[in-house]
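# have a look at this prediction, sequence included:
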Amino acid sequence: MPGIYRPRHPERTVLYRVLLHYFDKFMAEYEQRFEKEYGYFRPIIKEVVEKYLDCGNPKCGFARIRCPDCEREYLLCFSCKSRGFCPSCHAKRLEEWGEWVREKLFPDVPHRQVVFTIPKMLRLLFKYKRKLLIPDKGQVMIRYYGLYANAHRGKVRKKGLSPFALRMVEEELKSQPSKGWTAMIRKVYEVDPLLCPQCGGTMKIIAFITDYDVVDRITDHLKLTFVAEKPPPSHVFEQIALMAAETRAEYF
């Protein structure tokens, strides 16, 4: 039974605090201190970080959720939906992708997973070709081949090549409603965002507030804040980085 949803506070995390207070300085000094060793600063990095810094910020809009039984309500802040960077949004995207693979893509037959890693002698290339690592917006991260390839499934839709393939298409074409954000939150955090903490009833989304004037009036009235404290001193991060480098050396 999922527990009651508690609004998350990304502004309290170390990652958020470091980026909020130091990212502008990092960008200003990148060309002089890091570009020669790590390559040019890709614009996608700035875009992703700025989106993450707005994730969960009430000033960026929210959904208004109310219980029809006891009229208890709360505001659910919008997320950045970034992949591969925001810990919260990435976890939900992974869960959503896993659901799609399991329910729509994979047939009900045994599978085997094979993991390939980059040889050590080639890993240095990734250090100087940064585009091989942090992906550009819209870049394809996962490719499907053989029976699971998009091209193959498209051909099957047109011709029909086997009973097994036809069954795959029939299942894929069935109307299957998306599980949505509520199901993803239940899966990832094991809490129910629509469970009323007061009466136990089912809450409903009654409005999405995106107009900045309205957002400001509501947040000011409710005295909602989104303030990140200063991160630990720089020498603490240096110690953590050193420990991480030593740990990496042991495994790689």
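Sure thing, it's come through. Numbers count the residues shown, from 1 in each chain.
# pLDDT weak spots in the stretch 1-150 of the chain?
1-2, 128, 130-131, 133-134 (pLDDT under 70).
# and Tyr5, how many residues sit next to it?
Look at Tyr5: counted by other Cβ atoms under 10 Å, it has 20 neighbours. Just so you know, the C-beta spots here come from the backbone N, C-alpha and C atoms, and that holds for glycine as well.
# ok, it touching Val188?
No - counting by Cβ atoms under 8 Å, Tyr5 sits too far from Val188 to count as a contact (11.5 Å).
# report the contact partners of Tyr74.
Residues near Tyr74 by Cβ atoms under 8 Å, 6 or more residues apart in numbering: 7, 65.
# where does it land in three-state SS?
strand (DSSP: H, G, I helix; E, B strand; the rest coil).
# same deal with the one 10 residues further on?
In terms of secondary structure, Gly84 is coil; the call rests on three-state DSSP.
# my guess is it meets Pro135, correct?
Yes - with contact defined as Cβ under 8 Å, Gly84 reaches Pro135; the gap is 6.8 Å.
# what segments of the stretch 151-252 of the chain are helices?
163-173, 180-189, 212-222, 234-251 (DSSP state H, counting those that start in this stretch).
# lowest mean pLDDT across those helices, which one is that?
For the helices of the stretch 151-252 of the chain, the weakest mean pLDDT is recorded on helix 163-173, namely a mean of 52.
# give me the contacts around whatever helix or strand Glu96 lives in.
Per DSSP states H and E, Glu96 falls inside helix 87-100. Residues from elsewhere that reach helix 87-100, judged by Cβ under 8 Å, 6+ apart: 8, 10, 13, 15, 55-56, 79-84, 179, 181, 184-185, 187-188.
# show the buried residues in the residues you listed.
8, 10, 55-56, 79-80, 82, 181, 184-185, 187 (16 or more other Cβ atoms under 10 Å).
# from those residues, which single one is nearest Leu195?
Here the nearest of the buried ones among the contacts of helix 87-100 to Leu195, counting by Cβ to Cβ, is Ile185; it sits at 10.7 Å.
# isn't the closest one up against Tyr5?
Yes - counting by Cβ under 8 Å, Ile185 does reach Tyr5; the two are 6.8 Å apart.
# what residues do the two have in common as contacts?
191-193.
# so which of those wins on neighbours?
Pro193 (22 neighbours).
# how far away is that one from Leu222?
19 Å (Cβ to Cβ, to the nearest Å).
# now do Lys81
Counting by Cβ to Cβ - Lys81 and Leu222 are separated by 25 Å.
# where's Pro193 relative to Leu75, distance?
Counting by Cβ to Cβ - Pro193 and Leu75 are separated by 12 Å.
# where do the contact lists of the two overlap?
Ile65.
# ok, now which ones touch Gly146?
His152.
# this completes my enquiry, with thanks.
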